[in-house]
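Visitor: Below: sequence and its predicted model.
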Amino acid sequence: MWSDWTSLSVHPQEVSSVLDKLPSTESKKIVTSVVSSLLSSSSSLVTDQEVSWCLEVLQYGLTVDPCESLTQDCVSIYCQWLSVLLPTPIQAIPNPISQDANHFTRKMLNHLYLLFKRVDSDKLEENDSSGLLVTLCVQVLRLMENIGQHSSVIERETWHCLLSVLLAISDLILGQPGPGGDLCYTVVSVLVHTWLAACAKCFPEPTMWKTLITLISGWRHRQELVSHWSKVNLALLSKQLVFMYGPQFPPLILDSCCSNLQLVMSPECVAQTSFRFLHMLGNVCELSQPKLISNSQPFLQAALRSPVVIDPQSHPCLDILPDIFLKAMCGVSKMVDAYLGCDRDVATLQFSPLRSRCNSILHLFGPWLFQAALLGTNLDVFTHDPSYSSGLAAKFNEGRAEALGTLCIIFSAKKFCEDIETPYIARFFMAVQHGLGAGPLLSSRALQYSGSLMVLDLPGANILTPHIVAALKSVLLKEKTNQSVTKLPPSNLRMCSIEMAKTVSAIPTHFSGMVVTQFQKDGSNFMTVDSLRADIFKFLLSALQDENDPENCQQILGTLALVVELQAAVELNGKDDEFESELDSARNWITSIVRLVCHRLISSWSTDYRTSLSAIELLAVLAESSAEQDGLECKRVLRWICDFIVLQCNRPPPAHSRDMHSSIIAAFQTCLSWLVHRPTLLEDKDCLTSVLEVAELAISGSKSQAKASDTPISKEDKKLSPVSK
């Protein structure tokens, strides 16, 4: 954007004072005397020459070592005189300064730069925020911010000087290697807030923007900078959404130092400022490259000074780059969510109907997101750097996962009949394919936000099916998923995986015979989607065996019913040429399902009425299935259902609720379905006996013959106590 412009030199040139030529003790006495007089009465200065001479003395006072009360008094006088630009200035201001406030303000701002040159970068690394020097620096910075926010008499030349001095100060403090501290936070905060005020009142020239971006490239190791970059972009975006989409669009609610600034900006000003601040950091993916971040003169000097640090990119302060990269990607994610009008913290994503088109968002954020989502792969543009190893790339997986999840959300927001550019779709599929096979963190993030991916009618989405199935197996077949790795509660991750499984369960049948296309030749044999049917069934059955969350169990039960019916339909039409093993037939699948479901129905689901109703419904569906079934297993299913009814009827009276009675009624209906659709059961004496006994139990409240060896009780002698009473 600023390639045709030249950055400025913002560091003020050092000007020697007459006091520098005198002995330091004598010069200090002169400063002490002048400062004492000015504190008592500075209104006696009546000419420009007198004020200029006093400023020269005060300038020398800012450099006196050590930093003590004399320096504090000098700073106090500067702050008093600089208040001339504020709406309510201090009264004791010399008349020449009041008459030509902007001219003298520019002089004083350049003088105050000397105060920051005294800050020791080593002490800054130690987070030494209690010293007098740091306190004075913070005082001066807050005054500069106050002037920028509230002054109405600043001229353009003074704005230029104020921003230049702030850039020079920021370069002194932020450019040094180190973890930062209170002073770094204040410097970034004041620079950003004052720059925003300048955009609202006197928009900076292109050379100033070029200078800002050039200098910021050397500060990107500062976490405070990236944090404020995110805050200011969200604050500007909250204003931008109002005039872009109107009041009906979901507002972006913020509570940050940038969003609370009371600045009046036109829509054009907001748009221009927002776009410039968005690209202030350059390519945010470079935050994952220690070699690029440490490519500055301060890092080289620090490496030369330190006996420990040999290479600039091995400086300890770069150890937090993974956190900085994650913070930057989280900022991008929040901006994407704002454009889509969604909240990713809720269980089900809901997008605003007024949301931006996917292509528009990808034009703006796509280059960063795609590059971040492919970090550490053979498509990573940084892999050509010999110093960038796979182990180093793995440290940035959290930021990569954030980018991948954001891409999934963008494509999930696709509207009906909305076209997305083919290059974007291809890059997205590549990012998802690599993410699904890159470990639990990345695969879980892809599954979390891709529940509707396979139903969006994206061209070529079916090529992801084998990778999705493999990722689902890795998640659903683990009884306990490590939340510290996936950053998701295990039950939520499994729920997202089940949602994805529901969308891919019909693909092997619908696209039977289709050969899965490979993005990249990896030497493996080509496969058809038919071979995935057995894999989908097996991991769903295994997941049901270990699942404890009731909602997830209900979803798996419904999906299993669909998978079995699809397999039965394939076998009925004689198209099942892929299955060479008898174990992969619908008959064996049904046998495996009913054994597991009936066992859990009697044990762990007996008091979970919602799940038990889902299980009973599944058994009813299997009774009506067109697949051939084992006669012995059918008898066992009927007896298990009868045992379930007996178990429920014999519960103590406090446990008898409407839900429990509903489960008993559903179980009777399922018994009826098995008897109607499997008439061979009517020819079995034991089956009929079991059904009649539970019917008698429900009607009368007891059986005539509790055990086979007991003498039957006649109807007249029984005490009627119906279960439904």
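Guide: Sure, I can see it.
Visitor: Burial check on residue 133, number of neighbours?
Guide: Look at residue 133: counted by other Cβ atoms under 10 Å, it has 21 neighbours. All C-beta spots, glycine's among them, are computed from the backbone N, C-alpha and C.
Visitor: Name the nearest residue to it, sequence neighbours excluded.
Guide: Computed as Cβ to Cβ, 6 or more residues apart in numbering, the closest residue to residue 133 that is not its neighbour in sequence is residue 67, at 4.3 Å.
Visitor: same question, residue 256
Guide: In space, and not counting its chain neighbours, residue 256 is closest to residue 231: 4.5 Å by Cβ to Cβ, 6+ apart.
Visitor: Is it correct that that neighbour is in contact with residue 259?
Guide: Yes: at 7.4 Å, residue 231 counts as touching residue 259 under the criterion of Cβ atoms under 8 Å.
Visitor: that older thread, quick one: contacts for the residue nearest to residue 133?
Guide: With contact taken as Cβ atoms under 8 Å, 6 or more residues apart in numbering, residue 67 is in contact with 118, 131, 132, 133, 136.
Visitor: Name the SS class of it, please.
Guide: At residue 67 the chain is in coil, as set by DSSP: H, G, I helix; E, B strand; the rest coil.
Visitor: ok so, going back, in which helix or strand would I find the residue nearest to residue 256?
Guide: Using DSSP states H and E, residue 231 maps to helix 223-245.
Visitor: Give me the buried positions along that helix.
Guide: For helix 223-245, the neighbour count (16 or more other Cβ atoms under 10 Å) marks 223-241, 245 as buried.
Visitor: pLDDT on that helix, on average?
Guide: Here helix 223-245 scores 93 as its mean pLDDT.
Visitor: Also stretch 286-297?
Guide: When pLDDT is averaged along stretch 286-297, the result is 89.
Visitor: Let me see the residues that make contact with that stretch.
Guide: By Cβ under 8 Å, 6+ apart, stretch 286-297 touches 175, 177, 217-218, 220-221, 226, 281, 312-315, 318, 321-322, 324-325, 328, 372, 375, 382, 385, 387-388, 392-393, 396, 399.
Visitor: switch the cut-off to 6 Å
Guide: By Cβ atoms under 6 Å, 6 or more residues apart in numbering, the residues outside stretch 286-297 that reach it are 218, 220-221, 312-313, 318, 321, 324-325, 328, 375, 382, 387, 396.
Visitor: which one of the residues you listed is nearest residue 622?
Guide: For those, the minimum distance to residue 622 (Cβ to Cβ) is 46.7 Å, reached by residue 375.
Visitor: nearest spatial neighbour of that closest one, skipping sequence neighbours?
Guide: Spatial nearest neighbour of residue 375, excluding adjacent residues (Cβ to Cβ, 6+ apart): residue 400 at 4.8 Å.
Visitor: what do you get for residue 80?
Guide: Once flanking residues are discounted, residue 80 sits nearest to residue 90: 4.9 Å by Cβ to Cβ, 6+ apart.
Visitor: any low-confidence regions in the stretch 551-700 of the chain?
Guide: Along the stretch 551-700 of the chain, the model assigns pLDDT under 70 to residues 575-583.
Visitor: Show me the helices in it, by range?
Guide: In the stretch 551-700 of the chain, the segments counted as helices under DSSP state H, counting those that start in this stretch are 586-602, 609-623, 631-649, 658-677, 685-700.
Visitor: Next, the angle helix 609-623 makes with the fourth one.
Guide: Per axes from the mean of the first three to the mean of the last three Cα atoms, to 10 degrees, the angle that helix 658-677 makes with helix 609-623 is 10 degrees.
Visitor: Repeat that for the last one.
Guide: Angle between the axes of helix 685-700 and helix 609-623 is 140 degrees (criterion: the same axes, to 10 degrees).
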